[in-house]
Structures are given as C-alpha cells and as structure tokens.
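Asker: please find the sequence and the predicted model below.
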Amino acid sequence: MITEHLLGRTEPMSFYENSAYRSGPLSYGKDTEKHRLCALTGALDPTSMKVLNAVRIRRGWHCLEIGAGSGTMAQYLLGMVGPGGRVVATELDLSLLATARDCGVEVVEHDVVRDDFPARRFDLVHARCVFEHIGGEHREAALNKVVGWLKPGGWLVVEAAGLEPEQTDPSSSMVNQAAEIASRYFARVMGSDLHWPRTLDATFASLGLREIGLTSNRMIVGKGESTDQVLTLTLRQNEAELIRLGLLEEGFIGRLERYLESAESSEPMSTLYSVWGRVPQ
C-alpha cells in the first residue's frame, strides 16, 4: 500500500509547462503514450459526441478543436459542419493528426496559453482534457482568451477529467491510490489540478457565458475496460520518475495490474466533467 507520507497533501501549483507534451510525461516519444491516448480516446469519444450534439451544431459552422490529440473529435466535427464548414485542430505535436488533415481538417501547431487566434472567428470551440493541465492563473487567462475567439452566440464546450472528493483518500482502494498518485505527479510536473473540473460550471458563469449546461460521467476501470490501460500506462511510462520523486513504491504498478485483471466489479477511476455555454448575442 502507498503510505500516507508518500501521498501527503499538496496544493495545486500555478504554472504551465508545455514540454510535458513534447518530452515529458505525456510525450508521444514515450513508447506507450500513443497506445494510452488511443485507449483514452476510445473511452471518451462517445460521451464527447453526445455533449457536442447538445449544442446543435449547424452546417457551415467554423469550429476549433483545442488539443486535438489523434483528431477523432475534429473529424467528427467536420462531419457535422459539412462541406461548407470549417474545422481547425490544434496541437503541440502534430504527429497523430495526419488522418484528420487528409479528411479536410485544418491542422495547426498552436499553444492555447501562448498563441492566439483572431477575435470572433469560431462558432464553436471544443477542448477535452486540456485546461485541467494548465496552472490556475494561466488557465483563467487562456479561457478568457478563448471566449474572445467565439462569435456572438458561439458555444464553448470544455471537458475535463477530475477526481471526486472521496477519491483523494489513499486508503479507500488501490484504484483511488493510483488516481491520486497520477494527480499529484501531474500537479508537480505540469501544474495540473484534477480537482478544478468540479468547478467548471462556476468558471463558465464567471466568463459571462449563458445557457450553461453540465454533465458528468464516471470513467470506469476493472473487468477489462479500455481505461485499465489508461491508468496503468500513465503510471508505467513514468515509473522511474514517480519513484524518484517519492510518489510511488516499487512493485505498486504490478499489483495494480493484477488487481484490475482479477476485479469482479468495475469502479470509478475519475470523472469527465462536460460543460457548455454560449457567448451572449
């Protein structure tokens, strides 16, 4: 079991480190990261599609997908807006976006914190698993900037993975231990805050958005779920660094893998919070 001194409470740090996606814990250069990302995409895409359908995307819209990953959601948006529409997909590493580009998505290397787009450019902006990995003041500034990219009446849809309050108790289950280890690691090296997503609806209100909607969906592990791979590979591909930082004990990942393989029931790993809101006309 991970001991309490290894999981001592830490406060979220307000900084932003985009090298985490280029050469750090979520770099495509890691042997297993593409597999981890594909497993995550497969688990989350059905929920994201339902959320985007809620805003009633119209033919001809101009849409932006921030942090597009492998481009599956950008391709989905392209199908929604039709030949007269436009979809721009941004990423720090474009290596997984060749298929989306071939389909007609405009692919741009872009950092949401440091780069910009012209004002009132898009009818819809969607971002998933992006803003929870940006430190507080940088996240707030980036979100305000993104709202400025929307046309009057345009929609912002943000989905963020977060932990429920009970998941921060390291003694409650091995899955909760693993999720909290990952949370503390990302907070330390990337400025992530996996507790912030629970405040997304309030954040949208503070941005001046209207017609705000919220849904939350538990991400389940155990019994062969694809998210088993998301959880174990997140730790496995960063194991040496986690041990060096004192966040992980040797042998824990192997025990976690055996625990998930033998699980007789599923349990939540985290929650995907999805919020949408509209810029006033």
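Answerer: Thanks, I have the structure now.

Asker: now do the helices in the stretch 1-150 of the chain.
Answerer: Along the stretch 1-150 of the chain, counting by DSSP state H, counting those that start in this stretch, helices occupy 19-22, 33-54, 72-81, 98-103, 136-148.

Asker: residues of the last one that come out buried?
Answerer: Okay, so that is helix 136-148. H138, R139, E140, A142, L143, V146, V147 (16 or more other C-beta atoms under 10 Å). Yep, even glycine has a C-beta here, placed from its N, CA and C like the rest.

Asker: neighbours around the residue lying closest to the second one once chain neighbours are set aside, how many?
Answerer: Computed as C-beta to C-beta, 6 or more residues apart in numbering, the closest residue to R139 that is not its neighbour in sequence is F131, at 5.3 Å. Close neighbours of F131, defined as other C-beta atoms under 10 Å, add up to 26.

Asker: now do the contacts for F131.
Answerer: R139, A142, L143, V158, A160, W196 (C-beta atoms under 8 Å, 6 or more residues apart in numbering).

Asker: ok, G69 - contacts?
Answerer: L37, T41, E91, L96.

Asker: which ones are touching the closest residue in space to the third one that isn't next to it in sequence?
Answerer: Yep, that's E91 we're talking about. Nearest non-adjacent residue to E91, counting by C-beta to C-beta, 6+ apart: A68, 5.2 Å away. Residues near A68 by C-beta under 8 Å, 6+ apart: A74, A89, T90, E91, L97, A100, V105, V107.

Asker: pretty sure the last one contacts T99?
Answerer: Right, the one you point to is V107. No: counting by C-beta atoms under 8 Å, V107 does not reach T99; the two are 10.2 Å apart.

Asker: of these two, which one has the most company?
Answerer: The residue with more neighbours, out of V107 and T99, is V107; 20 against 13, by other C-beta under 10 Å.

Asker: show me where this protein has strands.
Answerer: 62-66, 86-91, 106-109, 122-128, 150-162, 210-221, 267-278 (DSSP state E).

Asker: out of these, nearest to I181?
Answerer: strand 267-278 (12.0 Å; C-beta to C-beta).

Asker: can you show me the helices along the stretch 151-281 of the chain?
Answerer: Counting by DSSP H, counting those that start in this stretch, the helices of the stretch 151-281 of the chain are 174-190, 200-206, 227-236, 239-244, 252-261.

Asker: W276 is nearest to which of those?
Answerer: Nearest of the helices of the stretch 151-281 of the chain (C-beta to C-beta): helix 200-206, 8.1 Å.

Asker: any idea how far that closest one is from the chain center?
Answerer: 17 Å (C-alpha atoms, centre = their mean, to the nearest Å).

Asker: any low-confidence regions in this structure?
Answerer: Across the chain, residues meeting the criterion (pLDDT under 70) sit at 1-20, 22, 166-172.

Asker: can we see that at 80?
Answerer: In the predicted model, the chain carries pLDDT under 80 at residues 1-24, 165-172.

Asker: grab the nearest non-local neighbour of the spatially most central residue of it.
Answerer: Central residue of the chain (C-alpha atoms, centre = their mean): C129, 1.0 Å from the mean position. Nearest non-adjacent residue to C129, counting by C-beta to C-beta, 6+ apart: A161, 5.5 Å away.

Asker: quick check, that neighbour in contact with H133.
Answerer: No: counting by C-beta under 8 Å, H133 is not a contact partner of A161; they are 9.4 Å apart.

Asker: thinking again about what came up before, can you name the residues bridging to the residue nearest to C129?
Answerer: L272 (DSSP bridges).

Asker: what's the local residue count around it?
Answerer: A161 has 22 neighbouring residues, counting by other C-beta under 10 Å.

Asker: ok, it - contacts?
Answerer: Contact analysis of A161 by C-beta under 8 Å, 6+ apart lists C129, E132, L194, P197, M219, S270, T271, L272, Y273.

Asker: can you pull the contacts of the first one?
Answerer: Contacts for C129 were tallied using C-beta under 8 Å, 6+ apart; they are L40, L44, G67, E159, A160, A161.

Asker: quick one on the thing from earlier: would you reformat the contacts of A161 as CSV and include distance to N176?
Answerer: Formatted as CSV, the contacts of A161 follow (distance: C-beta to C-beta, whole Å):
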residue, distance to N176
C129, 20
E132, 18
L194, 12
P197, 17
M219, 13
S270, 10
T271, 13
L272, 17
Y273, 18
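
Asker: no more questions from me, cheers.
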